[in-house]
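1. sharing a model prediction with you, sequence too.
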Amino acid sequence: MPKDEIVNLALRRALFYPAAQIYGSAASGFFDFGPLGETIRRKVIGLWRKQLVEKEGILEIFGAQILPEDVFKASGHLKNFNDPIVQCKKCNSLHRADKLIAAKASGIVPESLATTELDKLIDKHAVKCPKCNGKSFDKVRKFNMMMKVDIGATGKQAAYLRPETCQSIFCDFPRLFKTARQNLPLAIAQAGSSFRNEIAPRNTLLREREIGQMEIEIFFNPDKINEAPDFGEVQNYKLNLMLLGKKPKPISCREAVQKKLVSGKLIAYYLARTQQLYEAYGIPLEKMRFRELDKDERAFYAKETWDFEVETDLGWIELIACNYRTDYDLKGHQEQSRQKMAVKEEGKEFIPHVFELSAGIDRTFYVVLDNSFRKEKRGKGERIYLKLPAKIAPYDAGIYPLVKRDGLAEIAKKIFTQLLDEEFDVFYDEKGSIGRRYSRADEVGVFGGITIDYQTKEDGTVTYRYRDSMKQERVKASDLPSFLRKVKKKA
């Protein structure tokens, strides 16, 4: 399904669109979400929170988006958070060197390669500028993607917009470990924005400058990496693992641990919970994989990395970086801040290791749309709808009076209020033909429709219309709460 169709739907229904687009000076890579888009996006985060954060007893924080320069000295971002860029001599456009080469060579090019190696690859593959088709480039150079801000009237207090949400978690760890009164492993989560000065933002939500992230950091004793919570629940569950140089293959968590494909049970456990979350988002198992990264591809702080990817019309898209960060972060902050990050367990003092699940909110949002988009012929026309799972559909149902007169609108408004009181997400719409109202709702993934007609006045029943099949059935208005719960549970 072409990307253009998703973008067209997004713009037509204001799901998402470029920020400040009334101004020609607006920078690319920033997006706003309209009412329906924000509702779906919020539910994407809500399902993550329900499925992972709450079920696993994870602590959730909300950290500051601007942090002092010392934080990023400690984290290594000021030194290492660089992208290789190259400039076309003909049109002066800037490009990610590794991405240009990968597009021509049809393979993965590690961004950590030395600039001289990237220069050689550009020559070897006769790379051309995608903007003007030019063949001549300047030398590749490294560009730091941090966004700097000045604080205070003097402007001398250097700070940065965070490039990832996790640094707040690392800085907060000593306080949270003390106040939570929990033993390791201790998991801390956060959902929010991070900022990266991307060279060439593209593919709408897939490469932004303001990035939505929902992140979990699991702090654990490295000597107990094979002690995972409730491992028995997932030991036979199969992960789609793509080992180095091999095709994806379903491998049970138990086998992954026994064959040392992962560092321990704790890693396998959280990979399983991650894959199960995306099953709940409606992604088929065959379209998911954990791709193992070798040392040249991994982030500078990672000992082991699995990129969780989903197949879309644009190819395989990375949604989550699953990184074993060891004690890199806490050790760095301890050295820079001179505050103790070590904990004591069974008489032994150590700095905890960290396993990270860093998921993209907006990328997940986009992939959910891509996976749920349906277009089918209906007579002389066509029908477009989003087959969203009930848990992330923007509304449980639309409430539609067949006509506004004869008391039908009043009955419909009463049902609308009652369902709101029962904590259903519903909306009221009385404008246009009933067919057009159904069509508008289907297009944005509303889960069902409830029509109040003249028969409602006679016997107290309403028509419930199923979004995917378009089938209809009569339901007693008084039974709607239990009926809707049952329908959502079956979905």
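-> Noted; the coordinates are in hand.

2. which non-adjacent residue is nearest Ile411?
-> In space, and not counting its chain neighbours, Ile411 is closest to Ile452: 5.2 Å by Cβ to Cβ, 6 or more residues apart in numbering. Placement of C-beta: from N, CA and C, glycine included.

3. what's the answer for Leu100, then?
-> Counting by Cβ to Cβ, 6+ apart, the residue nearest Leu100 is Val127, at 5.3 Å.

4. what's the separation between the one you found and Asn92?
-> Applying Cβ to Cβ, to the nearest Å, the value for Val127 to Asn92 is 16 Å.

5. neighbour count: those two, which is higher?
-> A count of neighbours by other Cβ atoms under 10 Å puts Val127 above the other of Val127 and Asn92, at 21 against 12.

6. show me the contacts for that one.
-> Contact analysis of Val127 by Cβ atoms under 8 Å, 6 or more residues apart in numbering lists 100-101, 104, 121, 135, 137.

7. surely Arg141 is in contact with Pro84?
-> Yes: shown here, Arg141 and Pro84 form a contact pair, counting by Cβ atoms under 8 Å, at 7.4 Å.

8. which neighbours do those two share?
-> Thr115.

9. which one of the two has more residues nearby?
-> Pro84 (26 against 14).

10. secondary structure element for that one?
-> strand 82-87 (DSSP states H and E).

11. next one: Thr456
-> Assigned by DSSP H and E, Thr456 falls in helix 454-459.

12. same question, Ala27
-> Going by DSSP H and E, Ala27 is not in any helix or strand.

13. find the nearest non-adjacent residue to it, please.
-> Nearest non-adjacent residue to Ala27 (Cβ to Cβ, 6+ apart): Arg209, at 7.0 Å.

14. residues making contact with the helix or strand containing Asn371?
-> When elements are assigned from DSSP H and E, Asn371 belongs to helix 361-372. Helix 361-372 is contacted by residues 1, 6, 9-10, 15-16, 31, 37, 40-41, 44-45, 191, 204-206, 208, 211-214, 281-284, 287, 310, 312-314, 317-319, 386-389, 392, 445 when judged by Cβ under 8 Å, 6+ apart.

15. strand partners (parallel or antiparallel) of the next helix or strand after that helix?
-> Downstream of helix 361-372, the next assigned helix or strand under DSSP H and E is strand 373-378. The strands beside strand 373-378 in its sheet (DSSP bridges) come out as strand 381-386 (antiparallel).

16. now the partner strand against helix 361-372, angle please.
-> 140 degrees (axes from the mean of the first three to the mean of the last three Cα atoms, to 10 degrees).

17. would you mark the buried spots in strand 381-386?
-> Across strand 381-386, burial judged by 16 or more other Cβ atoms under 10 Å covers 384-386.

18. domain assignment for this protein?
-> In terms of domains, the chain is parsed into 3-67+166-371, 83-143, 395-490 (source: automatic domain parsing).

19. ok, Glu430 to Gln455 distance?
-> Distance from Glu430 to Gln455, by Cβ to Cβ: 18 Å.

20. who has more neighbours out of the two?
-> Glu430 (17 against 14).

21. hang on, isn't that one packed against Tyr400?
-> Yes: using Cβ under 8 Å as the test, Glu430 is close enough to Tyr400 to be in contact (7.1 Å).

22. need the residues touching each of the two.
-> With Cβ under 8 Å, 6+ apart, Glu430 and Tyr400 have common neighbours Ala412.

23. could you find the closest non-adjacent residue to Val310?
-> Val367 (5.0 Å).

24. count the residues that sit near the one you found.
-> Counted with other Cβ under 10 Å, residues neighbouring Val367 total 26.

25. ok, Lys50 next?
-> 14.

26. pLDDT score for it?
-> pLDDT recorded at Lys50 is 97.

27. who does the strand holding Pro84 touch, helix- and strand-wise?
-> Contacts defined by 3 or more Cβ pairs under 8 Å, 6 or more residues apart in numbering; DSSP states H and E place strand 82-87 against strand 94-96, helix 97-105, helix 115-124, strand 141-144.

28. include mean pLDDT and distance to Gln157 when you put these into a markdown table, please.
-> Listed next are the helices and strands packed on strand 82-87 as a markdown table, based on pLDDT from 0 to 100; distance: least, Cβ to Cβ, whole Å:
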| stretch | mean pLDDT | distance to Gln157 |
| --- | --- | --- |
| strand 94-96 | 90 | 30 |
| helix 97-105 | 88 | 34 |
| helix 115-124 | 93 | 33 |
| strand 141-144 | 92 | 19 |
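
29. wait, which of these is closest to Tyr270?
-> helix 97-105 (28.5 Å; Cβ to Cβ).

30. quick check, Leu52 in contact with Leu277.
-> Yes: in terms of Cβ under 8 Å, Leu52 counts as a neighbour of Leu277; the distance is 5.9 Å.

31. with just CA atoms, put the helix holding Asn371 into PDB.
-> What follows is helix 361-372, C-alpha atoms only, in PDB (Å, rounded to 0.1, in the frame of the first residue of the first chain):
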ATOM      1  CA  ILE A 361       5.700   6.500  19.300                       C
ATOM      2  CA  ASP A 362       5.200   8.200  16.000                       C
ATOM      3  CA  ARG A 363       6.900   5.300  14.100                       C
ATOM      4  CA  THR A 364       4.600   2.900  15.800                       C
ATOM      5  CA  PHE A 365       1.600   5.200  15.000                       C
ATOM      6  CA  TYR A 366       2.700   5.200  11.300                       C
ATOM      7  CA  VAL A 367       3.200   1.400  11.100                       C
ATOM      8  CA  VAL A 368      -0.200   0.800  12.800                       C
ATOM      9  CA  LEU A 369      -1.800   3.000  10.100                       C
ATOM     10  CA  ASP A 370       0.100   1.200   7.400                       C
ATOM     11  CA  ASN A 371      -0.900  -2.300   8.700                       C
ATOM     12  CA  SER A 372      -4.600  -1.400   9.200                       C
END
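
32. that helix - what's its average pLDDT?
-> 97.

33. then stretch 72-83?
-> For stretch 72-83, the per-residue pLDDT averages 91.

34. what about that stretch, start to end distance?
-> Using Cα to Cα, to the nearest Å, the end-to-end distance of stretch 72-83 comes to 16 Å.

35. could you do stretch 80-100 as well?
-> End-to-end for stretch 80-100, by Cα to Cα: 21 Å.

36. show residues contacting that stretch.
-> In contact with stretch 80-100 (Cβ under 8 Å, 6+ apart) are residues 72, 109-111, 113, 115, 118, 122, 127, 129-132, 134, 136-146, 163, 198-200, 300.

37. do the same with stretch 222-239
-> Residues contacting stretch 222-239 (Cβ under 8 Å, 6+ apart): 56, 184-185, 250-254, 256-257, 263-273, 275-276, 290, 326-327, 350, 352-353.

38. please redo it, this time with the cut-off set to 7 Å
-> Outside stretch 222-239, the residues that touch it by Cβ atoms under 7 Å, 6 or more residues apart in numbering are 250-254, 256, 263-266, 269, 271-272, 275, 290, 353.

39. send the alpha carbons of that stretch over as CSV?
-> Output of stretch 222-239 as CSV, limited to C-alpha atoms (Å, rounded to 0.1, in the frame of the first residue of the first chain):
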residue,chain,number,x,y,z
PRO,A,222,24.7,-8.5,35.9
ASP,A,223,25.4,-11.6,38.0
LYS,A,224,21.6,-12.3,37.9
ILE,A,225,20.9,-11.7,34.2
ASN,A,226,19.5,-15.3,34.1
GLU,A,227,16.9,-14.5,36.8
ALA,A,228,14.0,-13.0,35.0
PRO,A,229,10.5,-12.3,36.4
ASP,A,230,8.0,-14.9,35.3
PHE,A,231,10.3,-16.5,32.7
GLY,A,232,8.2,-19.6,32.8
GLU,A,233,5.3,-17.7,31.2
VAL,A,234,7.4,-17.0,28.0
GLN,A,235,9.9,-19.8,27.9
ASN,A,236,8.0,-21.6,25.0
TYR,A,237,7.0,-18.3,23.3
LYS,A,238,8.8,-17.9,20.0
LEU,A,239,10.7,-14.8,19.0
